[in-house]
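J.: Here's a sequence, model it:
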Amino acid sequence: MASSTNNQFILVLFSFLLILKTSSSFGNHSSTDGILPFAPKHVVVVNKLTSQAKLIAHCTNKEKDLGVKELLPGSSFDFRFRVNLRKTTRYTCTFEWPGNKVTFDIFRVDRDDTPKSEFGVCRECIWYIYEPAPCRLDRDAGIPYCFDWNS
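T.: Next up is the predicted model:
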């Protein structure tokens with residue numbers, strides 16, 4: 001009898017996980033984004049400097065250093081991760097180009113993974129790096145949201 005109960009539990013658990021995985025694969029956003037921890041994220045950083053300069057990017061969080069990336073004009077790099085259980089995930093990048101060195105939080109839960117945020121939840125967070133500001137592309141509206149540099 002216990003074996004039958006275990007099999008039913010495993011079947012229910014498997015079904016739940018399958019439904020969750022399937023629902024998260026529809027479109028750019030899933031119904032669980034911004035609500036559940038461990039939401040998958042994809043950050044893309046694109047060099048859009050109008051000066052056509054090479055952009056040096058160095059992104060880190062508390063546990064991970066993504067290394068230094070050299071981006072020619074128009075080129076990009078990307079990384080993937082899941083939001084942590086406490087929803088405190090933050091990635092900060094330092095950007096350098098001739099005569100400039102600035103920092104910016106390229107991913108912050110309160111801005112990028114909170115349904116009540118005025119900027120919406122991004123599952124795929126595409127960032128255009130311009131001299132005056134980093135801008136996150138809103139794929140649905142087709143407009144960028146631009147932010148101030150941290151420093």
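J.: My guess is residue 45 contacts residue 77. True?
T.: Yes - under the criterion of C-beta atoms under 8 Å, residue 45 makes contact with residue 77 at 5.7 Å. The way it works is simple: take the backbone N, C-alpha and C, and place the C-beta from them, glycine included.
J.: ok, those two, which is more surrounded?
T.: residue 45 (26 against 17; other C-beta atoms under 10 Å).
J.: Now do the contacts for the more buried one.
T.: 57, 59, 69, 71, 76-78, 93, 106, 127, 129 (C-beta atoms under 8 Å, 6 or more residues apart in numbering).
J.: Please identify every residue contacting each of residue 45 and residue 77.
T.: When contacts are counted by C-beta under 8 Å, 6+ apart, the set common to residue 45 and residue 77 consists of 57, 69, 71.
J.: so the first one, which of the three states?
T.: Right, the one you point to is residue 57. strand (DSSP: H, G, I helix; E, B strand; the rest coil).
J.: Tell me the bridge partners for it.
T.: residue 69, residue 95 (DSSP bridges).
J.: Validate this expectation: residue 111 resides in a helix.
T.: Yes - per three-state DSSP, residue 111 lies within a helix segment.
J.: what's it in contact with, if anything?
T.: 105, 117, 119.
J.: Would you check how far apart it and residue 105 are?
T.: As defined by C-beta to C-beta, to the nearest Å, residue 111 lies at a distance of 8 Å from residue 105.
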